[in-house]
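>>> no sequence for this one, just the structure:
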């Protein structure tokens, strides 16, 4: 499974976060907003930008939010993790990991190599 990978200590998305990382050519981000319906979102100051710069606008009933698809403006790095054993090997090599649902349509999961303070 292809997983987006980032590193807490690396803010420059042109730098590889780890030696296994591969640059992805296509990345479509899901731009979620905290309005439950598109009709309610029309009242917000950010609505025009969200509408004009996104595609496939829709309401996510499960999350009670609206979402649009946007092309990536930065680089997206990925790694291939196909088993629990591979995930554990990645963990042993890099240390603490934060695994979350990502905001990328093509690569829906993200692993952050947690090597610096970020809170």
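Looks like it came in fine. Every value quoted in this text rests on a predicted model; they were computed, and no experiment measured them.
>>> If we ignore the residues flanking it in sequence, what's nearest residue 71?
In space, residue 71 comes closest to residue 28 once its chain neighbours are excluded; the distance is 6.2 Å by C-beta to C-beta, 6 or more residues apart in numbering. No exception for glycine: its C-beta is placed from N, CA and C like everyone else's.
>>> Sorry, slip of the keys, the one I care about is residue 20.
Counting by C-beta to C-beta, 6+ apart, residue 20 lies nearest to residue 79, which is 4.8 Å off, once chain neighbours are set aside.
>>> Surely the one you found is in contact with residue 24?
No. Contact status for residue 79 versus residue 24: not in contact, 10.7 Å apart, counting by C-beta atoms under 8 Å.
>>> ok, the residue with the largest distance to the centre of the chain to residue 61 distance?
Distance from the C-alpha centroid of the chain peaks at residue 43, with 26.8 Å (C-alpha atoms, centre = their mean). According to C-beta to C-beta, to the nearest Å, residue 43 stands 20 Å off from residue 61.
>>> ok, now residue 12?
With C-beta to C-beta as the criterion, residue 12 and residue 61 are 37 Å apart.
>>> repeat for residue 116
37 Å.
>>> isn't the residue nearest to residue 71 right next to residue 107, touching?
No. Under the criterion of C-beta under 8 Å, residue 28 makes no contact with residue 107, lying 9.6 Å away.
>>> Which one of these two is surrounded by more residues?
Comparing residue 28 with residue 107 by other C-beta atoms under 10 Å, the one with more neighbours is residue 107, at 21 against 17.
>>> Perfect, that will be all.
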